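> Sharing a sequence plus its predicted fold:
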Amino acid sequence: MIQAVIFDMDGLLVDSEPVWFRARVELLARFGKQWTASDQEPLMGVSTATWVDYVTEKLEGAMPPDEVLRKVVSIMAAAYEGGDVPLLPGASEALEHCVGSYRVGLASGSPKRLINAALTGAGLHRFFEEVVTSDECARGKPAPDVYLEIMNRMGLSPDTTAVVEDSAAGILAGKAAKAKVIAVPQSFVSTDSEALAQADARLESLYELPNVLLKL
């Protein structure tokens, strides 16, 4: 029986991928370079260090990694502070259900500053007992570190924990942490089919989450 539910944030609760995309497009455009969907998709759900390295390489030395991080995070934070934190369908309803029936945590690959900005802007802080970012761990998703860390902090067993994810990296991270994994892939993003096949359940939207949790 599931006793705890750990949510990812970007692309699952918050429709932040378009905001990430615009931030990276804006940064690269300053140097006459392009950012495309083929650049964006492999970075969904990964750690800060991973995407910073990728963007730095795309810039071909025009900006050091610490400045890349600062610039992109500043653009993102400004968007969130301006109210650009759209919730995905069923997010509020799923959280309301879970907080009344399970212990609830958040494990995200985003920098802590952006997690806090998004949760504050969307009014979601109250739902989470614990919030952990991959930046606090040795490795980002698809390594299991962030899920192992949050389960350790909350005193959870993977046997009774469900991870809810949208990305291939997140699905693989949850499975590597030995938790049950519920995949809610975004319809406009091609999530790796081999990763999806490893999920214990696949949903069309978070509206389906309450019923699926009862079956795991």
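Right, received. Where do you want to start?

> Now do the strands in this structure.
For the chain, the strands defined by DSSP state E cover 4-7, 103-108, 130-133, 161-165, 180-183, 201-202.

> Any chance you could list what contacts stretch 137-146?
Stretch 137-146 has contacts (Cβ atoms under 8 Å, 6 or more residues apart in numbering) with 45-50, 107-109, 132-134, 136, 149, 167-170, 172-174, 176-178. Every C-beta, even on glycine, is put in place using the N, C-alpha and C of the backbone.

> so where's this structure shaky on pLDDT?
Counting by pLDDT under 70, the low-confidence segments of the chain come to 45, 187-191.

> which stretches of it form helices?
Read by DSSP state H, the chain holds these helices, from start to end of the chain: 17-29, 37-40, 48-58, 65-81, 91-101, 112-122, 145-154, 168-176, 193-198, 209-215.

> What residues sit buried inside the last one?
Buried residues in helix 209-215, counted by 16 or more other Cβ atoms under 10 Å: 209, 212, 213.

> go on, stretch 104-112?
Taking 16+ other Cβ under 10 Å as the basis for neighbour counts, the residues of stretch 104-112 that come out buried are 104, 105, 106, 107, 108, 109, 110, 111.

> Can you go through the contacts of stretch 137-146 and name the buried ones?
Buried residues within the contacts of stretch 137-146, defined by neighbour count using 16+ other Cβ under 10 Å: 45-48, 50, 107-109, 132-134, 149, 167-170, 172-174, 176-177.
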